[in-house]
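I need the structure of the sequence given here:
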Amino acid sequence: MRSTTAILLVLLTGAWNFSAAAQAPQPPAATARTVIAATKLASVVDEPLKFRALSVTLAPGQQEAVTTFDGIFYQLVGTAEVSVGGETTPLSTGGGVFTAGGQSAVLKATGSAPSTSLYFVLSPARDGGGQGTPTSGNVKELYSTAQPIAGLKPGRHDLNMTRVTFPPQMPSNAPHHRTGAALYYVISGVGTNTVEGKTEIREAGTFIYEPGGLVHQWGNPRAMPLTFLTFNINLEGMPATASDAPARSQ
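Model (predicted):
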């Protein structure tokens with residue numbers, strides 16, 4: 001009898017522990033960050049620069065020549081390869097590669113389905129309607145900052161692209177600002193972007209420019225993950241973002 005009672009107590013205790021574990025709140029999912037490509041630039045103040053974003057959409061086997069800037073190709077859909085100066089880099093969906101300016105790149109779709117690549121660049125402001133303007137229906141300009149990037153300083157800079165995923169129902173992060181500047185692109189999901197107390201919805205396909213010193217927040221109120229790209233530039237040795245209030249010029 002005692003043996004039966006002991007077994008029953010063990011079973012009840014195990015069931016209670018399982019139920020308690022099942023009902024216990026689970027820790028929130030972490031934000032995922034993946035660096036797509038990165039490089040160092042010796043100087044970014046030789047002439048005014050703008051952020052631009054182009055798309056290159058190709059049928060299977062088709063190729064397109066694209067004038068290069070200091071920038072990063074990101075493979076949004078399908079597979080492709082980028083050839084610059086005799087070197088060819090394959091791109092699968094979600095992959096990317098840096099290209100230096102002043103050259104000609106050949107982008108070729110390599111799979112059995114259409115390919116779409118995004119090209120994020122630092123473009124001389126003087127090129128607004130000249131060099132680098134799309135020359136065919138395969139290449140489209142999606143975004144360009146209205147004015148040159150302000151506040152860039154002399155010295156070496158980090159240029160990089162990171163893919164960031166916020167988990168579902170993530171509250172807005174703490175207020176912060178860029179020490180350099182960044183161009184965002186929302187790949188999927190719907191996020192909220194708060195600037196100076198005003199919150200706006202940011203949907204897939206949206207570009208958002210963050211100049212240096214702009215205090216802002218990002219959050220994900222929806223039930224699906226939010227994934228976006230940040231094409232960022234900042235002074236070497238400085239963090240890309242800072243939580244303290246930016247210094248005001250006198």
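
which parts of stretch 30-50 are buried?
Ile36, Ala37, Leu41, Val44, Leu49, Lys50 (16 or more other CB atoms under 10 Å). C-beta coordinates here come from the backbone N, C-alpha and C atoms, glycine included.

cool, and stretch 106-114?
Leu107, Lys108, Ala109, Thr110.

Also stretch 195-204?
Arg202.

Okay, now the unreliable bits of the chain?
By pLDDT under 70, the weakly predicted segments of the chain are 1-28, 127-136, 247-250.

show me where it has helices.
2-23 (DSSP state H).

Now do the same contact list for the residue nearest the centre of it.
Closest to where the C-alpha atoms of the chain average out (CA atoms, centre = their mean) is Leu229, at 1.2 Å. Residues near Leu229 by CB atoms under 8 Å, 6 or more residues apart in numbering: Ile36, Tyr74, Leu118, Phe120, Met161, Thr162, Arg163, Val164, Tyr184, Tyr185, Ile187.

can you check Asn232 too?
Neighbouring residues of Asn232 by CB under 8 Å, 6+ apart: Asp158, Leu159, Asn160, Met161, Thr162, Arg178, Gly180, Ala181, Ala182, Ala240.

Please enumerate residues in contact with stretch 175-182?
Contacts of stretch 175-182 (CB under 8 Å, 6+ apart): 51, 149-152, 157, 209-217, 230-235, 238-243, 245-246.

now for that stretch, what's the gap between its first and last residues?
16 Å (CA to CA, to the nearest Å).

Work out the gap between it and the centre of the chain.
Its chain's average C-alpha position is 14 Å from that of stretch 175-182, according to CA atoms, centre = their mean, to the nearest Å.

what comes up buried for that stretch?
His176, His177, Arg178, Thr179, Gly180, Ala181, Ala182.

Same check on stretch 71-82?
Those would be Gly71, Ile72, Phe73, Tyr74, Gln75, Leu76, Gly78, Thr79, Ala80, Glu81, Val82, for stretch 71-82 by 16+ other CB under 10 Å.

Make JSON lines out of those residues and add distance to Gln169.
Compiled in JSON lines, those are given as follows (distance: CB to CB, whole Å):
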{"residue": "Gly71", "distance to Gln169": "34"}
{"residue": "Ile72", "distance to Gln169": "30"}
{"residue": "Phe73", "distance to Gln169": "33"}
{"residue": "Tyr74", "distance to Gln169": "27"}
{"residue": "Gln75", "distance to Gln169": "29"}
{"residue": "Leu76", "distance to Gln169": "26"}
{"residue": "Gly78", "distance to Gln169": "31"}
{"residue": "Thr79", "distance to Gln169": "33"}
{"residue": "Ala80", "distance to Gln169": "35"}
{"residue": "Glu81", "distance to Gln169": "39"}
{"residue": "Val82", "distance to Gln169": "37"}
